[in-house]
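Novice: quick one, structure for this:
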Amino acid sequence: MKNLKIYMFAALCSAAVMSCEKSDNKEASSDTKNQVSSGLGGSMAQFTIIDNYLYTVDYKSLKVFHISDPANPELLENINLGVGIETIYPQNDHLFIGTQNGVRIYDVTNPRSPEAVSEIDHATSCDPVVANDHYAVATLRGGTPCNGNLNRLDIIDISNFDNPMLLRSEDLINPYGVGFVAENENLVYVCDGFAGLKVYDISDLENVEIVMHKEDLEAIDVIPGAENLLVVLTRQGVYQFDSSNPLELVEKSFISVQ
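Specialist: Sure, this is the predicted structure:
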């Protein structure tokens, strides 16, 4: 029940951030507008919105809804993906789908009909994934209903969507969600469960470093937003931080879900 409460709060936080951006940034840049139209969500989300389309995943399928009339959503597609489907994340007209066996990439240039582009496989494990213009990053967690015994961070080159390549893996302890720092594509938030919230610097893939570690947070997922806002989901509740300096987060609020 506690996990259910946490994920419900995650959805509400995403909606709240998106709503604030719409009201506060009417003259926003095109990048911000694109971000607003896609909404904001964590790496462990099972749904995402791009313009008037809602994409959802369950254990074995990808569904596409047209939501221009929110009171009457229309199911357009129900795509069978096999079993083990877990998470979904949008980036640059593509959907990154985390599965228990790898990461799949779908093109949504035609938003009504997602088209499979490629996938990169890994050993069986739980696998949330996010992406930016150059990399996708995923955490693999073992010792769960997903099976497997890997606990690591994978850094994937997506400069060619047709041929994603694993560049680097870093060992973790109890990984969950992951997210890029909003203002720096080389910094990655990693939720390492009871081992805390970490920031990895991936600017030098030969020397990936932990540059921040909050050991007091049992972090489950992160939602980086505009205006230096970071939402962190934990076992204890939902934190909101000022992330002007991502290496020195400043707590702004906390909502308990215990």
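Novice: now the helices for this structure?
Specialist: Along the chain, counting by DSSP state H, helices occupy 2-24, 30-38.
Novice: what's the closest non-adjacent residue to the residue nearest in space to the middle of the chain?
Specialist: Centroid-nearest residue in the chain, with C-alpha atoms, centre = their mean: Ser43, separated by 2.0 Å. Excluding the flanking residues, the one nearest Ser43 by C-beta to C-beta, 6 or more residues apart in numbering is Pro128, at 3.9 Å. No exception for glycine: its C-beta is placed from N, CA and C like everyone else's.
Novice: which ones are touching the one you found?
Specialist: When contacts are counted by C-beta atoms under 8 Å, 6 or more residues apart in numbering, Pro128 touches 42-44, 86-87, 98, 138-139, 176-178, 221.
Novice: over to Asp162?
Specialist: Contact analysis of Asp162 by C-beta under 8 Å, 6+ apart lists 117-118.
Novice: so what pLDDT did it get?
Specialist: On pLDDT, Asp162 comes in at 95.
Novice: low-confidence ranges, the chain, go.
Specialist: Filtered on pLDDT under 70, the chain yields the residue ranges 1-39, 123-124, 143-148, 258.
Novice: at 90 instead, please
Specialist: 1-42, 59, 83-84, 100-101, 121-127, 141-150, 182-183, 225-227, 257-258 (pLDDT under 90).
Novice: give me the number of residues near Val232?
Specialist: 28 (other C-beta atoms under 10 Å).
Novice: give me the distance between it and Ile50.
Specialist: 25 Å (C-beta to C-beta, to the nearest Å).
Novice: can you check Gly237 too?
Specialist: 29 Å.
Novice: now swap in Val257 and tell me
Specialist: 29 Å.
Novice: just the strands in the stretch 151-258 of the chain please.
Specialist: 151-157, 165-171, 178-181, 184-191, 197-201, 209-214, 219-225, 229-234, 237-242, 250-256 (DSSP state E, counting those that start in this stretch).
Novice: how about the nearest residue to Glu170, chain neighbours excluded?
Specialist: Leu153 (4.4 Å).
Novice: same thing with Asn149?
Specialist: Excluding the flanking residues, the one nearest Asn149 by C-beta to C-beta, 6+ apart is Gly142, at 3.9 Å.
Novice: one more: Pro114?
Specialist: Per C-beta to C-beta, 6+ apart, closest to Pro114 is Tyr106, 4.2 Å.
Novice: ok, that neighbour touching Ile97?
Specialist: Yes. Contact criterion C-beta atoms under 8 Å: Tyr106 and Ile97 qualify, at 6.6 Å.
Novice: which neighbours do those two share?
Specialist: Leu62.
Novice: quick one: Asn52 from His94, how far?
Specialist: From Asn52 over to His94 (counting by C-beta to C-beta), the distance is 18 Å.
Novice: ok, those two, which is more surrounded?
Specialist: His94 (21 against 13).
Novice: if I read this right, that one contacts Val103, doesn't it?
Specialist: No. Between His94 and Val103 there is no contact under C-beta under 8 Å: 11.2 Å.
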